[in-house]
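Engineer: Sequence and predicted model, in that order:
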Amino acid sequence: MDKTAVVILNYNGVAYLERFLPSVTRYSGQCHLVVIDNHSNDTSLDFLKNHYPQVQVVALERNHGFSGGYNRGLLEVQADNYILLNSDVEVTPGWSDQLIQYMLSHPEVAICQPKILSHQHPDQFDYAGAAGGFLDLLGYPFCRGRIFNHLEKDRGQYDKNQMIFWASGACFFIRARVFHEMGGFDEDFFAHMEEIDLCWRCHRAGYKTGFVGASRVYHVGGGTLRDTNPYKTYLNFRNGLQLLVKNSTVLQLFWKLPVRLLLDLVACLKFLLEGASAHSAAVLKAAGSFFLHLPKTWSKRSTIDAPFGGQLFQTLIIWQYFIRKKNTFQMLTREY
């Protein structure tokens, strides 16, 4: 059987390591356990040395963010498969075995994820990935179980395995060969949406992404950047534009990019009217950074042979959610 490594990227997360490593070591079967430390200045390394000497530690010389941290750290991990796991995730019995068995029986699939539930509200889907992600026509991400900020209760409605468009970076299984073949995560994203970009690039290369309903984990969320942090707003808006430019055809960008920029302006004004001036400024900063680095982003398009890959949801999620009041994935799919 192929060797699988469970790899946790850590930055000043000793409290999460203390809380969640016990479940990872107990329930991860024969998986090799690795912690990549993104140059933490807390007691993370001492804690691992003293309490988990069996865990491989890859200590980086500085904080490279989510993308760069994994790209560099995984060069030191000898495995056929990686399960990239956030430090603030509690796993359950059999979680990794279910993912491994699914990938063994689906050689056409390069990436998969489990069901991701909220640690704070265990009967509810988690924001980051829920039961598998999709993109609408404008490249806005949403999930089975989560559309914008509406989180569904888990009633088993999404337990069936199925192909999805993107898998969550909170618990992201990928074949090591594919990860390195695709060049890993785009480090210009730094954090947020880099896993969506990688899944889209994998679609364009002919690979598939799956959801495994029998595997279940619980995610705290916001362990590094909380929703109230304007820097998170900046990353989400900037990276959303980069994602669209890197993976859409030129013809699509003629109409998609102006619409996205207009909607970003609306969001900027909304933040301002709500008194969230720091978030409003973050949206403008994101647009400025996007245009400043547009030539570099554009140059990355040529590294992918196929002009387009995967199937976007043929609708506008903003229209469906805010105007038609469709706030669940099942409500959307009744029309498709």
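Structural biologist: Nice, thanks for sending it over.
Engineer: Tell me the confidence at Thr224?
Structural biologist: Reported pLDDT at Thr224 in the predicted model: 54.
Engineer: would you say Leu33 is within a helix?
Structural biologist: No: using DSSP: H, G, I helix; E, B strand; the rest coil, the secondary structure at Leu33 is strand, not a helix.
Engineer: dump the residue contacts of it.
Structural biologist: Contacts for Leu33 (Cβ atoms under 8 Å, 6 or more residues apart in numbering) come out as Ala5, Val6, Ile8, Val24, Thr25, Tyr52, Gln54, Val55, Gln56. (Glycine included, C-beta is placed from N, CA and C.)
Engineer: repeat that for 7 Å
Structural biologist: By Cβ atoms under 7 Å, 6 or more residues apart in numbering, the contact list for Leu33 reads Val6, Val24, Thr25, Val55, Gln56.
Engineer: Just the ones of those residues in strands?
Structural biologist: Residues from the contacts of Leu33 lying in strands, with DSSP state E as the criterion: Val6, Gln56.
Engineer: and the contacts of Leu33, which are buried?
Structural biologist: Buried subset of the contacts of Leu33 (neighbour count, 16 or more other Cβ atoms under 10 Å): Val6, Val24, Val55, Gln56.
Engineer: from memory the third one sits against Val35, does it?
Structural biologist: Which is Val55. Yes: contact criterion Cβ atoms under 7 Å: Val55 and Val35 qualify, at 5.7 Å.
Engineer: outside of stretch 213-221, which residues touch it?
Structural biologist: Stretch 213-221 has contacts (Cβ under 7 Å, 6+ apart) with 86, 88-92, 95, 98-99, 114-119, 122, 126-128, 158-161, 170-171.
Engineer: Surely Gln162 touches Thr209?
Structural biologist: No: using Cβ under 7 Å as the test, Gln162 is too far from Thr209 to be in contact (10.2 Å).
Engineer: quick one: which of those two has more around it?
Structural biologist: Set side by side, Gln162 and Thr209 show more neighbours around Thr209, with 26 against 13, by other Cβ atoms under 10 Å.
Engineer: Name whatever forms a beta bridge with the more buried one.
Structural biologist: Thr209 has these beta-bridge partners by DSSP bridges: Ile111, Ile164.
Engineer: got the contact list for it?
Structural biologist: By Cβ under 7 Å, 6+ apart, the contact list for Thr209 reads Val109, Ile111, Cys112, Met163, Ile164, Phe165, Trp166, Ala167, Cys199, Cys202.
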